[in-house]
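Colleague: For reference, the sequence and a predicted model appear below.
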Amino acid sequence: MSAKQPDSTDVPAEEQAPKTWRDALPFIIAFVVVLLAVGFIGIRHWTNPAEERLTDSAQVQNVVNDMYTARNSLDYEKYRSTQCEKNLADATFPKSLDFANQNRAERDRDGKLIVPSMDVEVAGDRAAVTVTEKRENKGVETKTELTVVKQGDEWRVCAA
């Protein structure tokens, strides 16, 4: 018994013709569209970094968070970078040693600062921030009012 061989009349004419590049044209177009979309997204992220896409409120929260992180880690330079020019020029602004001693004593006695919440209200180039803070080893939460101002493109904590 021999298997029946398909006749050329059993196969549709479009399957008999050899494949050409035109048969792949829909796939080529789809590939180019996807490539362009991915390229556009990549260029967009490269020319507009994430930190520049943050809202003013998020930028204010970041600078306040940086200030508290600097106090916890005793990083005086980071703390200074969160402060406005008015604060830095004030004669009562702490020097490096005073900053470290005061924050170390509080941290060692009561634990690190924790900020469970912060409320931010931005109005133009000023923001009013209410920070709820507590120490790790103390259950007492306190609220601190901060003023944050925009200096150039950066937000900075500033005395009211």
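Modeller: Received, thanks. Residues are numbered from 1 along each chain as shown.
Colleague: so where's the protein shaky on pLDDT?
Modeller: By pLDDT under 70, the weakly predicted segments of the chain are 1-16, 49-52, 160.
Colleague: mind listing the helices for it?
Modeller: Listed from the start of the chain, the chain has helices (DSSP state H) covering 13-16, 25-47, 56-73, 76-81, 85-89, 96-110.
Colleague: helices and strands around the last one, which ones?
Modeller: Meaning helix 96-110. The contact analysis (3 or more Cβ pairs under 8 Å, 6 or more residues apart in numbering; DSSP states H and E) places helix 96-110 against helix 56-73, helix 76-81. (Glycine included, C-beta is placed from N, CA and C.)
Colleague: distance between that helix and the chain's centre?
Modeller: Taking Cα atoms, centre = their mean, to the nearest Å, the mean C-alpha location of helix 96-110 is offset from the chain mean by 29 Å.
Colleague: re the thing from before, right, and the helices of the chain - which one's nearest Thr130?
Modeller: Proximity of these to Thr130 was assessed by Cβ to Cβ; the nearest stretch is helix 56-73, lying at 10.3 Å.
Colleague: most tightly surrounded among the helices of the chain?
Modeller: Per-stretch averages of neighbours, counted by mean count of other Cβ atoms under 10 Å, single out helix 56-73 among the helices of the chain, with a mean of 18.
Colleague: Which neighbouring elements make contact with that helix?
Modeller: Judged by 3+ Cβ pairs under 8 Å, 6+ apart, helix 56-73 is in contact with helix 76-81, helix 96-110, strand 113-123, strand 126-135, strand 142-151, strand 154-158.
Colleague: and these as JSON lines, adding distance to Arg44?
Modeller: Shown next, in JSON lines, are the helices and strands packed on helix 56-73 (distance: least, Cβ to Cβ, whole Å):
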{"stretch": "helix 76-81", "distance to Arg44": "29"}
{"stretch": "helix 96-110", "distance to Arg44": "41"}
{"stretch": "strand 113-123", "distance to Arg44": "25"}
{"stretch": "strand 126-135", "distance to Arg44": "28"}
{"stretch": "strand 142-151", "distance to Arg44": "25"}
{"stretch": "strand 154-158", "distance to Arg44": "23"}
